[in-house]
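In: Sequence and predicted model, in that order:
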Amino acid sequence: MGLRVQPPDVNVSQVRFSVAGDTIRFGLAAIKNVGEAAMESILKTRADDGAFRALDDFCARVDLRLVNRRVIESLIKAGAFDGLGLPRAHLLAQCDLALEGGQRQQRDRAEGQASFFDLLPAAPAAPRTAEPAAAVVPEWDDDQRLAYEKEVLGFYVSGHPLARFEGVAESLGVTSTAELAARGHGARVTLFGHVAALKETATKSGNRMAFLTLEDMTGTVEVTVFPEPYKVAAPYLRARDPLVVRGRVGDGDKGRVVLAEDIRLLEQSLTGGTRTRNGGEATACRVRLRAGVDSAERLASLRRLCDEHPGAVPVFVHVLLPTTEVVVRARGVSVDATKELVAKLDELLGAGATAIDYAGRA
């Protein structure tokens, strides 16, 4: 619909979600650990005395009997202080000092000391050197920042941990959770996401299996992992690493489920080398190329090798940049995905740089 959802903001948000133009602003009531009394104190202070200028200013003005450390931590993790211009990690690291300063100022005001000193002539301000840039705590990495958002909001607002893999997922021919409803019972699907919830259990025969909730960028789906695939996948299920799940669509008590046949880490799916599934036909040839000074030369060599082995299998080039991975479909280029070609590509680009995808046969 073209609407943007903005994180909560102590200087803008209301108790409930609010609308400004084409933007929806998160309400303070949606933040975990922020109770009604704390919200009323924040909004009243803002209405009476204006916007908060810094975390120290916030702690000096709100009622700290109602807005405690847990509330402030949740506000920081949710991004409610982003408008102050400092990293969330820095604000969280300074939380204790800000609280101590705020409590001291409020205690002084309660004892009448602040108004007494206000009667005295102002003393000249002591010279103060600027705080060095190194004193600012660097921001968390994207995964940690988004994990905190999900913890206190229940949603990812400023991004999604799987967004940087979107092109990679497309090259794998994945089905999104939003598309599962259109797939028939028993249809084979490939899913891409990470584990949002996990329940491990034992069968009557004593074998271990699991039920998990797989989350991608469009929603979630329940996945049943029977003992055989569980033996291989168990170590991956307890982490937040992106997974590729292959299986069949089924119907459970709560709607669509996927019965997993194979679960791999994304990295394994991309670099696992030549692999077959039930004798299926090759569906993609993927090569990984680390960006560098000789990238153009290696790309030219890659193109020549592909031209020497023409066929019907499309080629995807995974370009490894310092902080991300970009997937490029080599349009107009298709190959015969033989072991000979894989060996030559690995010789050119490094061992394990080439992977062939195979479609399973029913």
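Out: Done, it's in.
In: who touches Arg4 in this structure?
Out: Asp22, Thr23, Ile24 (Cβ atoms under 8 Å, 6 or more residues apart in numbering). To be clear about C-beta, it is placed using only N, CA and C from the backbone, and glycine gets the same treatment.
In: Just confirm the last one is within a strand.
Out: The reference is to Ile24. Yes. Using DSSP: H, G, I helix; E, B strand; the rest coil, the assignment for Ile24 is a strand.
In: Tell me how many other residues surround it.
Out: If you count neighbours by other Cβ atoms under 10 Å, Ile24 ends up with 14.
In: Isn't it up against Gly2?
Out: No. The pair Ile24 / Gly2 is not scored as a contact, 11.5 Å apart, by Cβ atoms under 8 Å.
In: Please tabulate the contacts of Arg4 in JSON lines, including the columns pLDDT and distance to Val152.
Out: What follows is the contacts of Arg4, written out as JSON lines (pLDDT from 0 to 100; distance: Cβ to Cβ, whole Å):
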{"residue": "Asp22", "pLDDT": "87", "distance to Val152": "25"}
{"residue": "Thr23", "pLDDT": "91", "distance to Val152": "20"}
{"residue": "Ile24", "pLDDT": "94", "distance to Val152": "18"}
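In: got JSON lines for these, with distance to Glu308 too?
Out: Converted to JSON lines, the contacts of Arg4 look like this (distance: Cβ to Cβ, whole Å):
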{"residue": "Asp22", "distance to Glu308": "53"}
{"residue": "Thr23", "distance to Glu308": "54"}
{"residue": "Ile24", "distance to Glu308": "55"}
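In: Helix or strand: which one has Arg145?
Out: helix 142-153 (DSSP states H and E).
In: Quick check: mean pLDDT of whatever helix or strand comes next after that helix?
Out: Using DSSP H and E, the helix or strand that follows helix 142-153 in sequence is helix 166-171. What helix 166-171 shows for mean pLDDT is 74.
In: Distance from the chain centre to helix 166-171, please.
Out: Offset of helix 166-171 from its chain centre (Cα atoms, centre = their mean, to the nearest Å): 15 Å.
In: Okay, now the sheet partners of the next helix-or-strand element following that helix, with direction.
Out: Note on helix 166-171: by DSSP H and E, the next helix or strand toward the C-terminus is strand 188-202. Sheet pairing here is set by DSSP bridges, and for strand 188-202 it gives strand 208-215 (antiparallel), strand 243-252 (antiparallel).
In: List the buried residues in strand 188-202.
Out: Neighbour counts using 16 or more other Cβ atoms under 10 Å place Arg188, Val189, Thr190, Leu191, Phe192, Gly193, His194, Val195 of strand 188-202 among the buried residues.
In: And for stretch 200-215?
Out: The neighbour-count check on stretch 200-215 (16+ other Cβ under 10 Å) flags Met209, Ala210, Leu212, Leu214, Glu215 as buried.
In: Turn the residues you listed into TSV, including distance to Thr177.
Out: Shown next, in TSV, are the buried residues of stretch 200-215 (distance: Cβ to Cβ, whole Å):
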residue	distance to Thr177
Met209	21
Ala210	18
Leu212	13
Leu214	7
Glu215	8
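In: just these now: which is nearest Ser334?
Out: The nearest member of the buried residues of stretch 200-215 to Ser334, counting by Cβ to Cβ, is Leu214 at 31.3 Å.
In: give me the element Ile263 is part of.
Out: strand 255-265.
In: what are the ranges of the strands in the chain?
Out: All strands of the chain, identified by DSSP state E, fall at 4-6, 18-20, 23-25, 188-202, 208-215, 220-225, 243-252, 255-265, 282-290, 310-320, 325-335, 354-358.
In: Now those in CSV, please, with extra columns for distance to Val12.
Out: Below are these laid out as CSV (distance: least, Cβ to Cβ, whole Å):
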stretch, distance to Val12
strand 4-6, 8
strand 18-20, 8
strand 23-25, 6
strand 188-202, 29
strand 208-215, 29
strand 220-225, 30
strand 243-252, 37
strand 255-265, 37
strand 282-290, 43
strand 310-320, 39
strand 325-335, 35
strand 354-358, 47
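In: average model confidence for the biggest helix by length in the chain?
Out: Determined from DSSP state H, the single longest helix within the chain is helix 95-110. Averaged over helix 95-110, pLDDT sits at 93.
In: Quick check: buried residues in that helix?
Out: Cys95, Ala98, Leu99, Gly101, Gly102, Gln105, Gln106.
In: between those residues, which is nearest Glu149?
Out: Cys95 (17.3 Å).
In: State the distance from the nearest residue to Tyr156 once chain neighbours are set aside to Leu214.
Out: Leaving aside its chain neighbours, Tyr156 sits nearest to Leu146 (5.2 Å; criterion: Cβ to Cβ, 6 or more residues apart in numbering). Taking Cβ to Cβ, to the nearest Å as the criterion, Leu146 is separated from Leu214 by 17 Å.
In: Kindly report the same for Val221.
Out: For Val221 relative to Leu214 (Cβ to Cβ), the value is 5 Å.
In: Equivalent analysis for Leu302, please.
Out: As judged by Cβ to Cβ, Leu302 and Leu214 stand 34 Å apart.
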